[in-house]
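Trainee: One predicted model, sequence on top.
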Amino acid sequence: MDALKGCCGLFYSFEPPSDQPTYDEFMADVEVRAAHNVLEACAQTNTIDKVVFTSSATTVIWSDSNSKAPDLDERNWSDLNFCRKFKLWQALSKTLAEKTAWALAMDRGVNMVTVNGGLLMSPDLTIANPYLKGAAEMYEDGVFVTVDLRFIVDTHIHVFEDIASYGRYLCFNHVINCNEDAVKLANKLLPPSQSSLPQRLVLTR
């Protein structure tokens with residue numbers, strides 16, 4: 001509450017706490033609480049005009065292939081049971097946190113938009129990034145999307161400044177959908193002696 005005094009907007013992004021840096025089955029509880037606390041604080045701050053909530057494309061793409069729509073857009077949500085079954089903890093956490101934020105924003109009248117970004121191509125990107133769990137399946141399904149840092153930053157600014165912005169915005173500027181792109185990404189993530197795509201999940205769909 002003190003941090004938000006006098007602020008007209010909030011850009012929200014969740015970072016795992018230092019004592020629990022990796023995503024596991026318990027991280028969802030932490031991320032949901034964080035989202036709830038921040039939206040509640042915004043609801044109690046009279047000067048907040050808009051919240052830009054940073055989410056992930058993984059909140060959209062994961063579901064059983066038998067029921068997956070041929071084209072995914074901002075109306076889709078990842079299936080929570082599917083995420084639990086295959087231990088897609090980052091997707092589970094992001095999906096639950098975003099749904100919590102939307103529920104509270106609508107209940108309390110907070111003007112919120114979400115930016116659902118692809119894999120962030122930052123200089124410190126490594127194979128340990130939790131977004132990469134199931135990378136082979138994303139690649140096969142044509143939904144392995146990435147986003148450059150400047151692109152996603154500009155998107156946040158635009159949706160904040162545009163008074164007509166609303167809802168969810170899928171944000172990416174590249175799709176990994178050919179072997180050349182996959183190899184290029186693998187070379188970035190792994191030492192030369194180990195360059196290969198991340199291991200497949202055993203997804204029984």
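Mentor: Right, received. Where do you want to start? These figures come from a predicted structure and were not determined experimentally. Residues are numbered from 1 along each chain as shown.
Trainee: Wait, Leu92 touches Leu80, no?
Mentor: Yes. The criterion here is CB atoms under 8 Å, and Leu92 meets it with Leu80 at 6.4 Å. (Glycine included, C-beta is placed from N, CA and C.)
Trainee: buried residues in the top helix by length along the chain?
Mentor: For the chain, the helix reaching the highest residue count under DSSP state H is reported as helix 89-108. The neighbour-count check on helix 89-108 (16 or more other CB atoms under 10 Å) flags 89-102, 104-105 as buried.
Trainee: So which elements touch it?
Mentor: helix 27-43, strand 50-56, helix 58-61, helix 80-85, strand 112-117 (3 or more CB pairs under 8 Å, 6 or more residues apart in numbering; DSSP states H and E).
Trainee: What angle do strand 50-56 and that helix make with each other?
Mentor: If you take axes from the mean of the first three to the mean of the last three CA atoms, to 10 degrees, helix 89-108 sits at 160 degrees to strand 50-56.
Trainee: where in this protein is pLDDT low?
Mentor: Residues of the chain that meet the criterion pLDDT under 70 lie in 65-70, 191-205.
Trainee: can we see that at 90?
Mentor: Confidence mapping of the chain against pLDDT under 90 gives the ranges 1, 15-22, 25, 64-72, 123-124, 183, 186-205.
Trainee: before we move on, the earlier item: take the longest helix of the chain, keep the C-alpha atoms, and write them as CSV.
Mentor: Extracted C-alpha coordinates of helix 89-108, given in CSV (Å, rounded to 0.1, in the frame of the first residue of the first chain):
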residue,chain,number,x,y,z
TRP,A,89,4.7,-26.2,-12.8
GLN,A,90,5.5,-22.9,-14.5
ALA,A,91,2.4,-23.1,-16.7
LEU,A,92,0.3,-24.2,-13.7
SER,A,93,1.6,-21.3,-11.5
LYS,A,94,1.1,-18.7,-14.2
THR,A,95,-2.4,-19.9,-15.1
LEU,A,96,-3.6,-20.0,-11.5
ALA,A,97,-2.0,-16.6,-10.7
GLU,A,98,-3.5,-14.9,-13.8
LYS,A,99,-7.0,-16.4,-13.2
THR,A,100,-6.7,-15.2,-9.6
ALA,A,101,-5.8,-11.7,-10.7
TRP,A,102,-8.6,-11.5,-13.2
ALA,A,103,-11.2,-12.7,-10.6
LEU,A,104,-10.1,-10.0,-8.1
ALA,A,105,-9.8,-7.3,-10.8
MET,A,106,-13.3,-7.9,-12.0
ASP,A,107,-14.7,-8.2,-8.5
ARG,A,108,-13.0,-5.0,-7.3
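Trainee: Measure how far that helix is from the centre of its chain, please.
Mentor: Taking CA atoms, centre = their mean, to the nearest Å, one finds the center of helix 89-108 at 11 Å from the center of the full chain.
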